[in-house]
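Asker: With the input below, show me the fold.
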Amino acid sequence: MDEKLKVYDEKMTKSVQNLNTELATIRAGRANPHVLDKLSVEYYGAPTPIQQVANVSVPEARMIQIQPWEKNMLKEIEKAILVSDIGINPTNDGSCIRLVFPELTEERRKELVKDVKKKGEAAKVAVRNIRRDGNDAFKKLKGGEISEDGIKDLEEELQKLTDKYITQIDKEVEAKSKEVLTV
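Answerer: Residues are numbered from 1 along each chain as shown. Prediction:
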């Protein structure tokens, strides 16, 4: 692969990885510990991810159990979950916190699919913007180190990369939509 294309390939890869990270936080009726990824608690004065102060496990299909390594972290973790946008009330039994995920309604599943598609569309826009930036950069090389044919070749290769990543995004969105709609 041409060095000039490598930069754009890496940027597009990052866009897809970002989409995957966002899709992992969307809950599909089953307990997924990734919903806690964006949450952090105050630990000795520093914001710390929950996974670094507690053992997070999934004992049942629709339950996450959070067992802090220090008892005094129970209240902090509970508070972080309550103020978050997860939408689940934690149950604190004095030694661990349980999050029970309710069964999703048909309406809620459809809303989640819309959200998944919106995130997919945003990722596609990001990939297309990277293509545009690449094409603009190639046009600036005109007359200098690369011939017009060379620039056309670069633009075609960049378009192929763009198509590859758009297809990949479509597959990711379709898979997540199917997962959300599966009862």
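Asker: per-domain residue ranges of the protein.
Answerer: The domain map for the chain lists 3-24+105-181, 33-100, with the assignment taken from automatic domain parsing.
Asker: Pull up the distance across the first one, start to finish.
Answerer: This points to domain 3-24+105-181. With Cα to Cα, to the nearest Å as the measure, the first residue of domain 3-24+105-181 is 42 Å from its last.
Asker: the strands in the protein, which residues?
Answerer: Residue ranges of the strands in the chain, as given by DSSP state E, are 40-43, 46-49, 54-60, 63-68, 91-92, 97-100.
Asker: Dump the ones you listed into CSV; add mean pLDDT and distance to S15 as well.
Answerer: Just so you know, the C-beta spots here come from the backbone N, C-alpha and C atoms, and that holds for glycine as well. Output for the strands of the chain, formatted as CSV (pLDDT from 0 to 100; distance: least, Cβ to Cβ, whole Å):
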stretch, mean pLDDT, distance to S15
strand 40-43, 86, 25
strand 46-49, 88, 23
strand 54-60, 88, 28
strand 63-68, 89, 29
strand 91-92, 88, 38
strand 97-100, 88, 30
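Asker: ok, A24 to E179 distance?
Answerer: When distance is defined by Cβ to Cβ, to the nearest Å, A24 is 11 Å away from E179.
Asker: now do V7
Answerer: Taken as Cβ to Cβ, the span from V7 to E179 is 33 Å.
Asker: More neighbours: which of those two?
Answerer: Taking neighbours as other Cβ atoms under 10 Å, V7 and E179 compare with E179 leading, 17 against 13.
Asker: need the contact list for the nearest residue in space to N20 that is not next to it in sequence.
Answerer: Of all residues not flanking N20 in the chain, E172 sits nearest, at 6.4 Å (Cβ to Cβ, 6 or more residues apart in numbering). For E172, the contact set (Cβ atoms under 8 Å, 6 or more residues apart in numbering) comprises V16, L19, N20, L23, G120.
Asker: between the strands of the chain, which one is nearest to E156?
Answerer: Of all these, strand 46-49 sits nearest to E156, with 43.1 Å by Cβ to Cβ.
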